[in-house]
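Q: make a model of this:
(2 chains)
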Amino acid sequence: MSDSERALRKKKISHFFMLLLLVILFFLFISPFLLVVINVFKTKADITSNPLGLIGKHGFTTKNFPEAMRKMDFFKVFGNSLIITVCATILTIIFSAMAGFVMVRNKWVACNALFSLMIASMVIPFQVLMVPLVSVYGGMFGVLNHRLTLILLHVGFSVSMATFMFHGAIHTNIPLELEEAAYIDGCTRWQTFWKIVFPLLTPTIATVAIIDAMAFWNDYLLPSLVLQKKDLYTIPIATQSFYGTYSTDIGLVMAALLLAMLPILVLYIFLQKFIVKGVTSGAVKG
Amino acid sequence: MQRNKMSYKVSQFLMFAGPAGLLFVGTVIIPFLYGLYLTFTSWDGISRTKPFVGFENYASTFADTAYWQAIGRTLIYSIFSVILINIVAFALAYLVTSGVKGQNFFRAGFFIPNLIGGIVLGYVWKFVFNRAFVAVAESLGQRNAASLLSTTNGAMFCLILVSVWQYAGYMMLIYVAGFMSVSESLKEAAMIDGCTPAQAMQNVTIPLMRSSFVQCIFLSITRCFMVYDVNLSLTKGEPFNSSVMAAMHVFNQAFTYKNYGTGQAEALILFVICAIVGVTQVYIGKKGEVAA
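A: Predicted coordinates for the structure are as follows:
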């Protein structure tokens, strides 16, 4: 046997063991989810007597789903989450792309001041702002318990990071000559931005959309402070309140948890490549 | 020229940066400044007046033993979590860049926990610890096995385990990007010069990936320091308030006990500690960076 053959064989063996290790790790990683999926189809008594069994003594049941859906008011909660996430993401993208554009193309004092302020503010954690937020928007203005308030607050928190990313993208990827050509042809700045610059920002728009939509969809602390009425609840708050009420009815809890995870997992199957790419590029720039 | 007029500049600025700037100032800058003011008042959250109390809130913050215990606990939790997150993430990144079949599938798979909010993850793991682990312990012959979550050290262990599981996949993606940025030719050159694969890893790959390490450690420090969602749903601070992390203590101080001034002062100090740790880490990390 020649040297290269031996090396090839060694490589194959090591790859086999790595693959084996990866498969084991993968199952360990998703085992909590698998446990939920297994137990969703069992009765409460079966889950209590054996949470690890594939099928309980009382057989297969799908009763947990409709009941959890009804008690959690799933469609309403899902709708709330969807409206808030979609609106906040779109507004974040539009506002921060516009702000990034004016900041890159002009060296005005106001632009530089706002940009530096945005960068500096990115280190402030939400916990430092939550008490004054409740005090200002709840105490002074009394605008809590509106979806619009939450949407605007979401946008306000994410706009600095998004502006930073658009700023970078416009600075490096959009040639000034392109805009100048548009001005010569008679475009105003506003038209130039929407017709020339914005369409060229698609990759950054996708990244910002993915990062922010996931953050808005999963956020718990801010919505829980802003929305205290039951019919405004988003999925994370509804899950928490559901658990508080029905924690002993474990079959229902399993169904509720699966319902809370399902929308984003389904989306992940289709958009997996974009999500992984978006999250990495966002993290590396940030 | 019209373009140099002040009014033109102002209108352009307001048209493009106005909406973003207004929302940003309204949600971040004003509350931040107002929060500073709140630390000098004793506000109960209901009354219209906010009596000025000077540095009393800071004094009571320093006297609040529960707060410093929570900070100490958060430090212990963060040290273990940050180290383990980065070891696991680096190992996973090594495995999924080694060229085995289906590595893209595994990358996507390990990332799954990051898709789901901390509240839901906490309840999923609560079930795993309270039911599945107990069932395994009982099947191994232990009678009346208690859940790990019912003991002080057990609850801490659970929180660390869940955090490692939650963030390892995310940090793995950053390390993967780091591995990809080190060119094959450098590693080959090292091997030709007589390095074993382990030596090439230690002396070539890892030093060149230093910025990935700095970034991952910074991200994991800030996330662990401010942990709240998983803490709330997994342990709720129990047993006997022994797993209350700093962020949860701040929340309770302000919104449960209605000491808004003290709560805000404690939040501010927590932020300062976190910022000092984070910045020091980045400073030390960046100092030794090398380029290929």
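Q: tell me which element the closest residue to residue B:101 other than its chain neighbours is part of?
A: Nearest-residue entry for residue B:101: residue A:19, 6.3 Å, with adjacent residues in sequence omitted and distances by CB to CB, 6 or more residues apart in numbering or on different chains. Backbone N, C-alpha and C define where each C-beta goes, glycine included. Assigned by DSSP states H and E, residue A:19 belongs to helix A:3-40.
Q: element containing the single nearest residue of the stretch 51-200 of chain A relative to chain B?
A: Residue nearest to chain B within the stretch 51-200 of chain A: residue A:156 (2.9 Å; CB to the nearest CB). Assessed by DSSP H and E, residue A:156 sits inside helix A:147-173.
Q: show me what that helix is packed up against.
A: Where contact means 3 or more CB pairs under 8 Å, 6 or more residues apart in numbering or on different chains; DSSP states H and E, helix A:147-173 is packed against helix A:74-105, helix A:109-121, helix A:202-218, helix A:221-226, helix A:250-285, helix B:6-24.
Q: is chain B contacted by the first one?
A: Yes: using CB under 8 Å from any CB of the partner chain, we find that helix A:74-105 touches chain B at A:94-96, A:98-99, A:101-103.
Q: quick check: buried residues in that helix?
A: A:74, A:77-78, A:80-81, A:84-85, A:87-89, A:91-105 (16 or more other CB atoms under 10 Å in any protein chain shown).
Q: then the third one?
A: Buried residues in helix A:202-218, counting neighbours by 16+ other CB under 10 Å, are found at A:204-218.
Q: then the fifth one?
A: When burial is assessed from 16+ other CB under 10 Å, helix A:250-285 yields the following buried residues: A:250-261, A:264, A:268, A:272, A:275-283.
Q: those: which ones sit near chain B?
A: By CB under 8 Å from any CB, the members of those lying near chain B are A:250, A:253-254, A:257, A:260-261, A:264, A:268, A:272, A:275-276, A:279-280, A:283.
Q: burial of residue B:185, as a residue count?
A: Residue B:185 has 9 neighbours, counted by other CB atoms under 10 Å in any protein chain shown.
Q: now it, what's its secondary structure?
A: With DSSP: H, G, I helix; E, B strand; the rest coil as the basis, residue B:185 sits in helix.
Q: ok, so what distance separates it from chain A?
A: Separation of residue B:185 from chain A (CB to the nearest CB, to the nearest Å): 19 Å.
Q: check what pLDDT that residue gets.
A: pLDDT for residue B:185: 83.
Q: identify the residues contacting it.
A: Residue B:185 sits next to no residue when contact means CB atoms under 8 Å, 6 or more residues apart in numbering or on different chains.
Q: now swap in residue B:228 and tell me
A: Going by CB under 8 Å, 6+ apart, residue B:228 touches A:127, A:220-221, B:118, B:245, B:247-248, B:251.
Q: any idea which of the residues you listed is the one closest to residue A:233?
A: Of all the contacts of residue B:228, residue A:233 sits closest to residue A:220, with 11.1 Å by CB to CB.
Q: run through the residues that contact that closest one.
A: Neighbours of residue A:220 in contact, by CB under 8 Å, 6+ apart: A:236-237, A:240, B:117-119, B:228-229, B:232.
Q: buried residues in the helix holding residue A:156?
A: Neighbour-count burial for helix A:147-173 flags A:147, A:149-167, A:169-170 (criterion: 16+ other CB under 10 Å).
Q: number of nearby residues for the residue lying closest to residue B:240 once chain neighbours are set aside?
A: Closest residue to residue B:240 apart from its sequence neighbours, by CB to CB, 6+ apart: residue B:152 at 7.8 Å. Neighbour count for residue B:152, taken as other CB under 10 Å: 14.
Q: wait, what's in contact with residue B:152?
A: By CB under 8 Å, 6+ apart, the contact set of residue B:152 is B:239-240, B:242-243.
Q: fine, thanks again, bye for now.
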